[in-house]
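Participant: model the structure of this input:
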Amino acid sequence: MRSRLLIVGLLAVVVGLTALAQTKPAPTAPAKTAPQTASKVGPVAPPTTDAEKIKSALSAAPASVAKDATVMDMPSMKVLKPGTNGWTCIPDSPSPGVDPMCVDKNGMEWAQAWMSHKDPPAGKMALGYMLMGGSDASNTDPFATEPKAGEKWVDTGPHIMVLNIADHFAGYPTTATNTKVPYVMFAGTPYAHLMVPIK
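Facilitator: Next up is the predicted model:
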């Protein structure tokens, strides 16, 4: 993954497949689905086997959410683990940090709108988990795939995302100068969301 944008873009393509995948019987889940600590930020190699990808994807959310979530591989869009709870998780891909992600059903709709450059559905707040942290190319440009010249990736530790909040974020910083406190990403765009660090 070059950024969360790439992952979410591919994720949006499979919104329909997620519903289909949730009707299939779920295979046995790995013994431990949500590691306690995030990996060190830095250039990392993504998982390569299906088992490693499932473990990576499920590490993005609490075990209670991850255990029944669908796991989708990217960019193949292959269902690695069907789910039943409406959450979809994707494994880490190449980027400056470890950043698998899980989003709820509304989050999938938000992602589809983002990638289509359309307004997200009104009145559908969404949640996402990135408990292993994340790396983003920009805090202001929703469509950036690389940081601007002279700028760095925005690295945030373990966090949750409150998506589709429109302009309901008064009082929160709209810059990523301190990613250890809640801040708004993509402020002033239809894709504004609150980044809430949890450690």
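
Participant: so which residues of the protein form helices?
Facilitator: Assigned by DSSP state H, the chain shows helices spanning 4-13, 15-21, 50-58, 63-66, 105-115.

Participant: quick one: which of the ones you listed has the weakest pLDDT on average?
Facilitator: Ranked by mean pLDDT, the helices of the chain bottom out at helix 15-21, with a mean of 40.

Participant: centre-most residue in the chain?
Facilitator: By Cα atoms, centre = their mean, the chain has its centre lying nearest to Met101, at 3.2 Å.

Participant: distance of that one from Asp167?
Facilitator: 24 Å (Cβ to Cβ, to the nearest Å). Any C-beta I mention is one placed from the backbone N, CA and C, and that applies to glycine too.

Participant: first to last residue in stretch 82-93, what's the distance?
Facilitator: 20 Å (Cα to Cα, to the nearest Å).

Participant: how far away from the center of its chain is that stretch?
Facilitator: 10 Å (Cα atoms, centre = their mean, to the nearest Å).

Participant: tell me the buried residues in that stretch?
Facilitator: By neighbour count on 16 or more other Cβ atoms under 10 Å, the buried set for stretch 82-93 is 82-83, 86-93.

Participant: mind listing what's buried in stretch 61-68?
Facilitator: 61, 65-68.

Participant: same check, this time on stretch 119-129
Facilitator: 120, 125-129.

Participant: stretch 182-199 now?
Facilitator: So for stretch 182-199, counting by 16+ other Cβ under 10 Å, buried means 182-187, 190-197.

Participant: out of those, who's nearest Pro158?
Facilitator: Pro158 has its nearest neighbour among the buried residues of stretch 182-199 in Pro197, at 6.9 Å by Cβ to Cβ.

Participant: not counting its neighbours along the chain, what's nearest that closest one?
Facilitator: His159 (4.8 Å; Cβ to Cβ, 6 or more residues apart in numbering).

Participant: where does the prediction get shaky in the protein?
Facilitator: 1-44, 94-95 (pLDDT under 70).

Participant: about what we covered before: farthest pair in the buried residues of stretch 182-199?
Facilitator: Pro190 and Pro197 (23.6 Å).

Participant: reformat the buried residues of stretch 82-93 as TSV; add distance to Met74.
Facilitator: Formatted as TSV, those follow (distance: Cβ to Cβ, whole Å):
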residue	distance to Met74
Pro82	16
Gly83	16
Gly86	19
Trp87	16
Thr88	11
Cys89	11
Ile90	6
Pro91	7
Asp92	10
Ser93	6
